[in-house]
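Asks: Give me coordinates for this.
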Amino acid sequence: MPTPSTPVITGYSTDTGTVGDNITSDRSITFTGTGTPGASLEIVAFGAYTGTVAFLSAIPASGNWTVTVGDGGSYPVGSDGELQNGSYSFRAGSRIGADASSLSSALDITVDGPELSGIDLTSASDTGSSNTDNYTADSTPAIEFTAGNGDALEIDWGDGLGYQSVGTGTGGSQTFTNPNAYPGGITEEKTILVRSTKDGTSTVESLTFTYDRETISPNGNIDASSDTGSSQTDHITSDTTPTLSGTGEVGATIEIKLGDGLSPTVATAVVGSGGTWSTTLSALSDGSYPLTLRSVDKAGNVTQLSGAGFTIDTTDPAAPAISTTISHDTGISSSDRVTQDDTVRVSGTTEANTVVRIYDGAVLVGIDQTTSTGNWAITTSSLSDGVHTLRAEAEDLAGNKSILSSPLDVTIDTTAPAAPTLDLAAASDTGASDSDDV
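Replies: Residues are numbered from 1 along each chain as shown. Below is the predicted model:
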């Protein structure tokens, strides 16, 4: 198989700026030339980058060929088909099978294109707990980047106004501030585009970030699992290390304050992906605690809610006082607690707003809620005939229970006595028999 002839580079495009000076701002140069039809063609660079920059599997039958930097593979390696600024010597070579031509004469070109790198929010504009997470509440954010000296700069702030000229590059880090404020009350992804242009060639870099000026108020209180007592929603508990839970903006940090907004933070929680949070407090003493929730989201927006707090109560109520009399105390005496009524009504006093339970031994036979003054009255379930020892127990709103009251013995007797019989006394039953009632 014949060795292919040495290919010839006859020209390139685009020679920007002054034509013929072989200085171009075009990073994706297109080469033209001639060579052996059917042979492969490879453009090799030496200098700022050394290696293949373009490849053509077969030169056309006409012998004329055209290739652009990046053709035929990932060339230059790691550059996405663009040359970096610098001086290059380009040579062409061909191959048919194992037979290779010599390299062509060099074409020396200096690439001096627009430069742009390092676009980011400034640390002052990247608000919130992190100044590197690209979350911001700044409606007029500032960005920083480095552009080539003399490059014409334009910025599209993602506000629908398109590119706006902002001057020229200096070759060093520069900062620009959005002159048109984004609207408030929204959360959305924003993309800022920066375009750097030199001799008609442009390069564009983008920055995507989350703009958050939306405020979602937090809410919460004692979790139902910690709200002891008969109600799991009254915020009265005997749990001295209660778990608090609630809702808020996803990703926000909730600060727990037991007082107003100036009170110290006693615990924090991060709102999960489902919009809920929870945290367990350190041990607290008995008392009432006002509750303030302060939410700081990832962009640094702050919202605060001060509302109903909660009460810690670990003190057992005193044993209920139980009356020594019962209602419906039937029979000769109204105070002997012997009755034919098998549903006894007993009464007494104890701590206000508690639950009172009546036990017959270990069996619960009645329950009621006391009044605001602590009075209570309970009618028992049906009791069997016999003596019953009744005791009362009080449970407060926090679930603390008293000891049992002193006992109250009640006798239930629902059995009627046998009918009486009449007979003459023997002394009055005259005659032969003193028992014939004659």
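
Asks: Would you point out which residue is most central in the chain?
Replies: Nearest residue to the geometric centre of the chain (Cα atoms, centre = their mean): Gly272, 2.6 Å.

Asks: Touching, that residue and Val250? I think so.
Replies: Yes: the pair Gly272 / Val250 is scored as a contact, 7.2 Å apart, by Cβ atoms under 8 Å. Yep, even glycine has a C-beta here, placed from its N, CA and C like the rest.

Asks: and the residue nearest to the centre of the chain, what is it in contact with?
Replies: By Cβ atoms under 8 Å, 6 or more residues apart in numbering, Gly272 lies in contact with Val250.

Asks: For Arg337, see how far away it is.
Replies: Note on Gly272: its distance to Arg337, by Cβ to Cβ, to the nearest Å, is 60 Å.

Asks: What are the neighbouring residues in contact with Pro218?
Replies: Contacts for Pro218 (Cβ under 8 Å, 6+ apart) come out as 246-249, 252, 254, 271, 277, 293-295, 303, 305.

Asks: how does it look with 7 Å?
Replies: Applying Cβ atoms under 7 Å, 6 or more residues apart in numbering, we find Pro218 in contact with Gly246, Gly248, Ile254, Leu293, Ser295, Thr303, Leu305.

Asks: hang on, the fourth one is in a helix, isn't it?
Replies: Yep, that's Leu293 we're talking about. No: applying DSSP: H, G, I helix; E, B strand; the rest coil, one finds Leu293 to be strand, outside a helix.

Asks: Any stretches of the chain with poor pLDDT?
Replies: Along the chain, the parts satisfying pLDDT under 70 run over 1, 79, 423, 426, 429, 431, 433-438.

Asks: mind listing the helices for it?
Replies: With DSSP state H as the criterion, the chain has no helices.

Asks: Find the nearest non-adjacent residue to Gly348, please.
Replies: With sequence-adjacent residues excluded and distances taken as Cβ to Cβ, 6 or more residues apart in numbering, Gly348 is closest to Ile322, at 4.2 Å.

Asks: contacting residues around the one you found?
Replies: Ile322 neighbours (Cβ under 7 Å, 6+ apart): Val346, Gly348, Ala392, Ser405, Ser406, Leu408.

Asks: what does Tyr359 give?
Replies: Val365, Arg391, Glu393.

Asks: Would you mind giving these as TSV with distance to Val69 and neighbour count added?
Replies: TSV is the format used below for those (distance: Cβ to Cβ, whole Å; neighbours: other Cβ atoms under 10 Å):
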residue	distance to Val69	neighbour count
Val365	95	20
Arg391	97	19
Glu393	90	21
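
Asks: and of these, the nearest to Asn149?
Replies: Within these, proximity to Asn149 (Cβ to Cβ) peaks at Glu393, which comes in at 87.9 Å.

Asks: That closest one and Asn22, how far apart?
Replies: The value you get for Glu393 to Asn22, if Cβ to Cβ is used, is 102 Å.

Asks: again, but for Ile192
Replies: Using Cβ to Cβ, Ile192 is found at 35 Å from Asn22.

Asks: Give me the buried positions along stretch 191-208.
Replies: Going by neighbour count (16 or more other Cβ atoms under 10 Å), the buried part of stretch 191-208 is Ile192, Leu193, Val194, Arg195, Ser196, Thr197, Lys198, Asp199, Thr201, Ser202, Thr203, Leu207.
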